[in-house]
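K.L.:
I'd like to go over a predicted model; first the sequence, then the structure.
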Amino acid sequence: MNRTILVFLLAALGAVVGLAQSRPQADLIITNAKVWTVDPSHPRAEAVAVLGDRIVAVGTAAEVDAWRGAATRIIDAGGKLLLPGFNDSHVHFISGGMQLDSVDLKDAASPEEFRDRIARRAAHYPGEWIMGGDWDEEKWTPPRLPTRNLIDASTSGTPVFVSRYDGHEALANSAALKLAGITARTGDPKGGKIVRDAQGEPTGVLKDAAMDLVFKVIPPLTPERRMRAARRALGHAASLGVTSVQDMNPEYADIATYAELAERGELSARIYVAPLISGWNDQAKLGLRRAFGSSFLRMGALKAYADGSLGSTTAYFFQPYIDAPDTHGLLAEGMQPLAAMRQRMLKSDAAGLQLCVHAIGDQAISIVLDMFQAVTRQNGDRDRRLRIEHSQHMATKDFGRYAQLHVIASVQPYHAIDDGRWAERRIGPQRIKTTYAFRTFLEHGVRLALGTDWTVAPLDPMQTIYAAVTRATLDGKNPRGWVAEQKLTVVEAVEAYTMGSAYAEFQEKQKGSLTPGKLADMVLLSDDIFSVPPAAIRDVRVEATWVGGKLVFDRAQH
């Protein structure tokens, strides 16, 4: 061999060996795992290596072991399933943390139990506003709305304002109504309704914009109370494998709380905030654009409301409700007049901000699509990732419009197994065929982003995936699935809960799959949700959660 060539080859070999020897050591290796990467180019693996807050290797145990060093922490997963951390595309995070410390009425099975739980809270914290609740009158026999008369005697002067679980109506006792100045002479606000008895007196139930009459007189949270709620929410999320959340309509004080926690290095979930569109110019005048910020806290999205909810008969439909034929729902206060909301959306979009609009009824969804079309036409084509939050009850004609406008359907499967107990009697057998139509969205090429709407539904991703793949209603009456043709597979649900949600916040290149170069957000499950019977998914538990390679939850320590 030519001497010059031989010297060159030896030098090249030495360089390769030197590079191998100088490879940095991984901080963490998780091995002996059943890794589902959600990366179509490399879907399965046995091990993952992490350096700093990023994944540096995914592959066989032998391949990843090359990153081992003297200081590398080795986790033997025991053959359990390792997934990317879950990204909840729609939560109300501080109120979720508050609810963990508040009266819980979600499973109160009767008006008497509802009353007694509130009474115990009032006795324990006399004079302190009683909030939260998440009550569900559909669990009562027969279903009926609660009234102030049910709770007045047992709460005395303690003000009560407890929400229905969908967040679109709430019950105030007489003390709260008095503080808010609500009487028989108070008119219904635009976009809201004060429920009244046969004599015209308020029953205590307030719907949508009418709730603001009470919210205005509730003392603001102290910074300490808000911080406690944030920490409770973060701890709860970590225990469930939720490593990212997209917080819808937070108060600015909530965002300040997150910023303080981020500065202290105490955020254990990544947060993308979407405050109300009414303050769009607060972000626009600073030049903020979608997904602005750090990997832990970002802004640049806006939340708007088009209508209410199905359970409160305030979701806005083309046709009246079957069980309430005098109404077809309410357009949200912020949508009135429509021309004003259209201009707000146009200006927000022109500023580079992302639009996330709550729309549940078919007519509300259609109106929002009209507005999105106007935004696209006037401001030109670009990657704007328009979102419709909930996207629950679709007109058949509008699936194609989602695809045409590249609108993301931000959906919450647990709502389907909840509403499925009673939805047909409310909107009839024809409209439910395109209700929570996850399969039809996919067939039209529409991207799904999964979430929970916590506290409206549990934050637990296992409950969400169970709901998406079984559609078995909570009352046990549809074990094979309610509107079963709309089921997702487990693979589809996991992808929508990781990559789908990451795409919905412009972060698909940073997270959503276990891919080298991405953030090391991971969750280890007790069982393989791809192989257990679908009905068993809801019983699967999180063993450990990592955010940026840092262990934020370990079941062995709890």
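P.N.:
Now that the structure is in, tell me what you want to look at. Numbers count the residues shown, from 1 in each chain.
K.L.:
phi first, then psi, for Gly428.
P.N.:
Note on Gly428: its backbone torsions stand at phi 90, psi 170 [degrees, to the nearest 10].
K.L.:
the closest residue in space to it that isn't next to it in sequence: how many residues sit nearby?
P.N.:
For Gly428, ignoring the flanking residues on the chain, the nearest one in space by CB to CB, 6 or more residues apart in numbering is Ile322 at 4.9 Å. The C-beta positions use only the backbone N, C-alpha and C, and glycine is treated the same way. Neighbour count of Ile322, defined by other CB atoms under 10 Å: 13.
K.L.:
mind checking which helix or strand Ile322 is in?
P.N.:
Taking DSSP states H and E as the definition, Ile322 sits outside all helices and strands.
K.L.:
got a list of what it touches?
P.N.:
Arg425, Arg426, Ile427, Gly428 (CB atoms under 8 Å, 6 or more residues apart in numbering).
K.L.:
give me every residue that touches the closest residue in space to Lys216 that isn't next to it in sequence.
P.N.:
Spatial nearest neighbour of Lys216, excluding adjacent residues (CB to CB, 6+ apart): Ala180 at 7.2 Å. Ala180 is in contact with Ala172, Leu213, Val214, Lys216, Val217, counting by CB under 8 Å, 6+ apart.
K.L.:
out of the residues you listed, which two sit at the greatest distance?
P.N.:
Ala172 and Lys216 (12.3 Å; CB to CB).
K.L.:
and these two? which has more neighbours close in?
P.N.:
Ala172 (27 against 10).
K.L.:
wait, that one sits on Ile182?
P.N.:
Yes - contact criterion CB atoms under 8 Å: Ala172 and Ile182 qualify, at 7.4 Å.
K.L.:
who touches both of those two?
P.N.:
Common neighbours of Ala172 and Ile182 (CB under 8 Å, 6+ apart) are Leu206, Val214.
K.L.:
isn't Glu260 right up against Glu224?
P.N.:
No - using CB under 8 Å, Glu260 makes no contact with Glu224, being 11.7 Å away.
K.L.:
these two: which is more packed in?
P.N.:
Higher neighbour count among Glu260 and Glu224: Glu260, with 15 against 8, using other CB under 10 Å.
K.L.:
quick check: which ranges of the protein have low pLDDT?
P.N.:
1-22 (pLDDT under 70).
K.L.:
secondary structure element holding the residue nearest the centre of it?
P.N.:
Nearest to the mean C-alpha position of the chain, by CA atoms, centre = their mean, lies His90 at 2.3 Å. Using DSSP H and E, His90 falls within strand 86-91.
K.L.:
tell me the helix or strand right after that strand.
P.N.:
The helix or strand immediately downstream of strand 86-91 is helix 93-100, counting by DSSP H and E.
K.L.:
now that next one, how far from the centre of its chain.
P.N.:
13 Å (CA atoms, centre = their mean, to the nearest Å).
K.L.:
restrict it to CA atoms and write it as CSV.
P.N.:
Provided in CSV are the C-alpha atoms of helix 93-100 (Å, rounded to 0.1, in the frame of the first residue of the first chain):
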residue,chain,number,x,y,z
PHE,A,93,-54.3,25.1,35.5
ILE,A,94,-54.6,27.4,38.4
SER,A,95,-58.3,26.7,38.9
GLY,A,96,-57.3,23.0,38.7
GLY,A,97,-54.9,23.6,41.6
MET,A,98,-57.6,25.5,43.4
GLN,A,99,-60.1,22.7,42.9
LEU,A,100,-57.7,20.2,44.6
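K.L.:
no further queries at this time; thank you.
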